[in-house]
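Enquirer: fold the following.
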Amino acid sequence: MNGFFENLITERKLRQEIRHTLSEDSKLNLEENLFVELLYSTVLNWDNLLNITREEAINYLTKKSSNDLPHLSHLTNARLVKFLKASEGSFLFSSRFRSKTSKEVLKLLASNLEFDFVTELKNTRVLKSTSEYEILPTPLRLDVDPSYTGKGVTIAFLDGGFYPHPDLMKPSRRVVAYKDLGAPHRPKSDFEKPDHRSWHGMQTCVSAVGNGYLSKGLYKGIAYESDVALLKVAGDEGFSTESIVAGIEWCIRKRKRYNIRVLNISLGVNGSGSFRESIINHAAEEAVQSGINVVVAAGNESWSEITPPGNSPSVITVGGLDDRNSLDQKDFGMYHSSFGKTYDGVMKPEIIAPGIWVAAPTLPGTFFYREAEFVWKLSQAKSLYHLKEILNSFEGSLDYLEDLKRMPFQDCMGFISHKIKEFKLISPYYQHVDGTSFSAPIVCSIIAQILEANSKLTPKNVKEILMESAQRLDNVAVEKQGCGVVQARAAVALAVQKSVSVGFEYPEIKENTVKLIYIKKEARTVEVAGSFNDWKSGEYFLKKNKQDVFEIDIALPTQGTWEYKFLIDGETWVDDSLNSTKHYDGYGGFNSVVHLHGTKKTKNQLLSLAKSLNSIKSIKKESTLHRKLLSELDQVFSYENIARSPLVLEFYEDRIKKVIHHIKTRKVENGVFLYQLYNCGYILQTPTLTIGIDIVSGKHVWDVFWNTNQEIFSELVSLLDIAFVSHRLPDHLDLDIVNKMIEQDKLVVVPSEMENLCLNGVIGFEPGESRNLYSLGSQNMSLNIDALPGLYRMSSAKDIDLRCYKMSLHEKFNILHLSDHEINTPLHSIGLNSKDQLGDVHVLLAPLPVTDDEAVIQNWLDAVDRIDPDILIPIGLAELGQKNNLDRSLYQRAFKILERTNRGFEVLAWGDSIKIGHL
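Expert: Residues are numbered from 1 along each chain as shown. Purely as a prediction, here's the structure:
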């Protein structure tokens with residue numbers, strides 16, 4: 001019986017202490033003590049226990065059986081050692097004890113069931129046979145590692161309503177926060193009042209993190225020691241987009257206070273198209289950006305597309321598994337959950353988890369709860385007399401109560417059995433439920449285990465671990481199941497091993513060479529084939545490195561997108577489990593995808609451009625050379641997949657270092673200097689004040705996701721006195737930078753609707769609000785701010801709250817930053833009725849039209865004339881996060897449009913700086 005303790009339960013209570021009530025002077029002797037303890041705290045039945053040999057027990061104690069075995073409690077170990085010293089023979093238990101019949105063993109147990117120790121063991125026991133349960137407890141069906149229980153991790157649940165269920169509140173309260181965002185006017189005491197909205201959130205939460213208090217530990221969740229934050233987002237009229245967004249923002253804001261590492265969203269809203277078009281998706285992406293693992297239910301309609309927030313690229317979308325309430329994988333199939341490729345080309349779901357036959361509690365305080373308890377009692381009746389006794393004890397009205405009293409016993413029991421099935425009862429206080437609403441929280445509970453095992457993991461790390469460790473079902477199409485069934489134990493094991501690599505992406509690409517690895521050691525041979533060699537096998541074989549991992553470096557022919565698969569032992573084709581980017585292969589599987597973002601030629605081009613741009617002393621005096629260099633940049637930025645290129649990142653970082661150098665060394669006596677950063681990002685440097693606008697590192701920008709050197713941006717933040725954010729999209733808002741500013745007691749100005757998104761310390765500006773700020777720099781200097789309401793220029797996100805900031809320095813130099821405002825609209829769209837209201841604008845920072853339609857361009861030119869700036873600077877150029885060249889706004893296109901304005905203008909590349917005025 002090698003490894004007989006493999007499934008030994010190791011709950012923290014049993015690891016830390018065993019109740020002293022089962023002591024040597026109790027009714028049980030040492031041998032009986034040990035027998036009872038092992039019976040209730042392991043998966044072994046008494047036949048197994050009676051046949052354990054002394055050698056097997058000694059091997060366990062001396063760690064000769066398996067290095068991965070969990071530990072017994074200290075007291076159990078001590079008792080086992082003491083017993084081994086005192087006993088003789090080849091078996092652990094004596095021949096006298098082993099000769100006991102089943103009846104004698106049952107009598108032994110029955111005579112001691114009231115001991116506190118035995119009661120505790122029963123409450124946390126491991127199940128030993130299918131006869132002990134109607135529905136498989138979730139930890140058992142997913143083979144979880146019981147060493148991890150989510151302790152120290154807070155999971156937030158966003159749902160329609162909740163209830164303080166005993167599985168969360170006893171023996172100690174684990175609800176660290178409750179917030180009613182759907183009906184904030186209601187008293188907090190409503191939390192304790194069950195209503196129809198409480199069911200869904202209460203069941204999803206308890207199924208994942210409940211401790212099984214009402215089932216004596218039987219139906220506990222995987223993360224039964226985690227804390228929870230409960231966010232109610234349903235009001236009198238149901239869900240609203242605003243309340244869902246508010247719930248996500250609350251989690252971001254309170255993340256550090258409550259250590260919120262995981263957010264479960266078992267709801268969604270209608271919506272198709274790009275994830276960029278939903279403000280709920282924006283909020284979900286921001287939560288991931290802040291360090292929260294966001295897990296979303298895929299939905300329960302296999303014919304329906306994934307909707308927000310499940311179609312967000314960074315969230316973990318979970319489909320449903322139907323395991324037929326079985327531990328045999330041959331029985332497994334799919335639940336009818338939603339799946340498919342999103343508008344943005346992302347395959348969803350990433351993984352699947354049990355979506356049916358899940359144990360969840362009924363809602364205390366409801367009539368259903370009372371009726372279910374009553375029906376369950378009836379089902380336990382052993383005689384007609386006992387049945388009638390139970391029937392007469394019920395206080396209340398049931399339409400079938402009197403009929404039952406007149407029925408024969410067998411008919412009664414048949415009716416009650418039907419009622420049990422109708423109610424889906426599995427115990428007096430639990431029923432089985434279904435839906436991906438339960439698949440998602442199960443994954444959340446596994447993530448809590450993962451983070452308990454390795455708290456340093458980022459959401460990206462966690463997602464990779466879950467996808468890498470998942471196991472596919474052979475009888476289900478891969479597009480339905482993604483990477484497959486979540487593997488709790490394997491995921492935690494990977495988390496323990498994984499180190500957090502900052503700035504490392506897999507597959508690792510250098511110039512045109514990609515490094516691929518395969519980590520499953522049982523393979524004899526591993527080769528790779530793909531579109532780069534016309535899928536020919538026998539050409540590229542991976543070799544084992546010193547760490548016993550298969551690896552290979554492949555030189556790809558040209559820049560572009562390449563697909564590949566591994567061939568294992570010359571027989572089995574598999575996709576690369578470490579690579580989360582995949583395309584459906586059309587044959588029931590996936591091809592792994594690698595994007596070659598640049599070649600040696602690209603590298604040389606960017607190095608040359610950086611050197612030439614850095615050598616320019618004056619853009620105005622060297623305008624011809626500067627324009628030529630920007631034309632070359634246009635060429636590079638039009639290459640396929642260039643947005644995520646590490647080469648472009650290196651170029652950007654080099655240019656930001658140039659900005660930092662200038663800010664530190666430039667003597668600004670009476671002028672205003674402007675520095676161009678990514679997209680709409682700028683720095684204004686005056687003699688006494690350094691102002692940042694929409695500064696981002698690129699780390700969180702969609703379709704860019706650069707692993708930027710955060711030390712560079714920490715240094716940049718240290719040079720700023722105040723920062724402005726115009727709206728919440730990640731190419732304008734970088735929460736890392738905002739939070740660094742706040743931590744250094746620096747001012748950050750945001751739209752008032754974004755205050756809940758940031759740490760305490762930001763200044764929220766309402767539409768049309770005007771303020772004067774003083775004493776910001778090293779000397780007193782007034783800064784007047786007008787926050788004009790903006791209208792987002794792209795149809796993808798018209799509900800974005802946007803501010804156009806007009807800044808007045810010394811009440812005589814005015815800068816207007818329009819961010820992504822639709823400039824073609826009349827002045828009253830930004831809260832102004834006339835040019836007089838706007839006043840003088842010395843420098844206008846404005847986006848170009850996103851179409852080449854002549855009528856639109858002419859409207860844009862007319863709008864510029866109405867604002868009448870001295871200098872016009874186009875913003876949003878080289879916006880690599882956009883997919884097409886018009887949205888990216890090429891430099892040469894900017895020159896052509898601006899030349900039609902008949903006024904002064906400048907076109908700036910990243911890192912460029914110019915003097916824009918005098919004070």
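
Enquirer: go ahead and confirm Ala360 touches Val209.
Expert: No. Contact criterion C-beta atoms under 8 Å: Ala360 and Val209 do not qualify, at 11.7 Å. Any C-beta I mention is one placed from the backbone N, CA and C, and that applies to glycine too.

Enquirer: got any residues that touch both of the two?
Expert: By C-beta atoms under 8 Å, 6 or more residues apart in numbering, Ala360 and Val209 have no common neighbours.

Enquirer: hmm, Asn579 and Cys483 touching each other?
Expert: No. Judged on C-beta under 8 Å, Cys483 makes no contact with Asn579 at a distance of 10.8 Å.

Enquirer: okay, the two: which has more neighbours?
Expert: Cys483 (24 against 20; other C-beta atoms under 10 Å).

Enquirer: the more buried one: what's it in contact with?
Expert: 350-351, 466-468, 470, 472, 577.

Enquirer: out of those, which two sit at the greatest distance?
Expert: Leu466 and Arg472 (13.3 Å; C-beta to C-beta).

Enquirer: which of the two has more neighbours?
Expert: Each of Leu466 and Arg472 has its neighbours counted (other C-beta under 10 Å); Leu466 has more, 29 against 19.

Enquirer: please identify which helix or strand holds the more buried one.
Expert: helix 459-469 (DSSP states H and E).

Enquirer: what sits up against that helix?
Expert: Residues contacting helix 459-469 (C-beta under 8 Å, 6+ apart): 288, 291-294, 314, 316, 350-351, 443, 446-447, 450-451, 457, 482-483, 486-487, 490-491, 493-495, 498, 500, 577-578, 580.

Enquirer: give the buried residues for that helix.
Expert: For helix 459-469, burial by neighbour count (16 or more other C-beta atoms under 10 Å) applies to 459, 461-469.

Enquirer: now swap in stretch 849-861 and tell me
Expert: For stretch 849-861, by 16+ other C-beta under 10 Å, it's 849-850, 857, 860-861.

Enquirer: what about the strands in the stretch 551-700 of the chain?
Expert: With DSSP state E, counting those that start in this stretch as the criterion, the stretch 551-700 of the chain has strands at 560-568, 572-574, 582-584, 590-596, 671-676, 682-685, 690-693.

Enquirer: mean pLDDT for these: which is lowest?
Expert: For the strands of the stretch 551-700 of the chain, the weakest mean pLDDT is recorded on strand 582-584, namely a mean of 81.

Enquirer: can you list contacts of that strand?
Expert: By C-beta under 8 Å, 6+ apart, strand 582-584 touches 341, 347, 478-479, 563, 575, 590-593.

Enquirer: so who does Asp736 touch?
Expert: Counting by C-beta under 8 Å, 6+ apart, Asp736 has contacts 289, 697, 699-700, 710, 713.

Enquirer: residue boundaries of the strands in the stretch 401-550 of the chain?
Expert: Using DSSP E, counting those that start in this stretch, strands in the stretch 401-550 of the chain cover 425-427, 430-433, 508-510, 513-518, 526-530, 540-541, 543-544, 550-555.

Enquirer: give me the number of residues near Ser608?
Expert: That count, for Ser608 with other C-beta under 10 Å as the rule, works out to 12.

Enquirer: and the pLDDT for it?
Expert: In this prediction Ser608 is given a pLDDT of 95.

Enquirer: same thing with Thr708?
Expert: Here, the pLDDT recorded for Thr708 equals 90.

Enquirer: give me phi/psi at it?
Expert: Taking degrees, to the nearest 10, you get phi -70, psi 150 for the backbone angles of Thr708.

Enquirer: so it touches Phe651, yeah?
Expert: No. At 11.9 Å, Thr708 does not count as touching Phe651 under the criterion of C-beta under 8 Å.

Enquirer: in helices only, show me the contacts of Asp736.
Expert: Using DSSP state H, the subset of the contacts of Asp736 located in helices is 289, 710, 713.

Enquirer: among those, which one lies nearest to Ser379?
Expert: Nearest member of these to Ser379, counting by C-beta to C-beta, is Gln289, at 51.0 Å.

Enquirer: contact partners for the closest one?
Expert: 314, 700, 730, 735-736.

Enquirer: picking up where we left off before, need the buried ones from the contacts of helix 459-469 selected in PyMOL.
Expert: Restricted to buried positions by 16+ other C-beta under 10 Å, the PyMOL selection for these reads:
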select buried, resi 288+291+292+293+294+314+316+350+351+443+446+447+450+451+457+482+483+486+487+490+491+493+494+495+498+577+580
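
Enquirer: quick one: mean pLDDT over stretch 749-759.
Expert: On average, stretch 749-759 scores 86.

Enquirer: so for it, first residue to last residue, what's the gap.
Expert: End-to-end distance of stretch 749-759 (C-alpha to C-alpha, to the nearest Å): 12 Å.

Enquirer: and what of stretch 640-648?
Expert: 13 Å.

Enquirer: quick check: buried residues in that stretch?
Expert: Neighbour-count burial for stretch 640-648 [16+ other C-beta under 10 Å]: 642-648.

Enquirer: list just the nearest of these to Lys151.
Expert: Arg644 (37.4 Å).

Enquirer: got the contact list for the closest one?
Expert: 595, 597, 703-706.

Enquirer: turn those residues into TSV, including distance to Ser808 and neighbour count.
Expert: Below are these laid out as TSV (distance: C-beta to C-beta, whole Å; neighbours: other C-beta atoms under 10 Å):
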residue	distance to Ser808	neighbour count
His595	45	20
His597	42	22
Asp703	36	15
Val704	33	25
Phe705	37	19
Trp706	34	24
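
Enquirer: I'd like those residues as JSON lines, with distance to Ala787 appended.
Expert: As requested, those are arranged in JSON lines below (distance: C-beta to C-beta, whole Å):
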{"residue": "His595", "distance to Ala787": "40"}
{"residue": "His597", "distance to Ala787": "38"}
{"residue": "Asp703", "distance to Ala787": "29"}
{"residue": "Val704", "distance to Ala787": "27"}
{"residue": "Phe705", "distance to Ala787": "30"}
{"residue": "Trp706", "distance to Ala787": "30"}
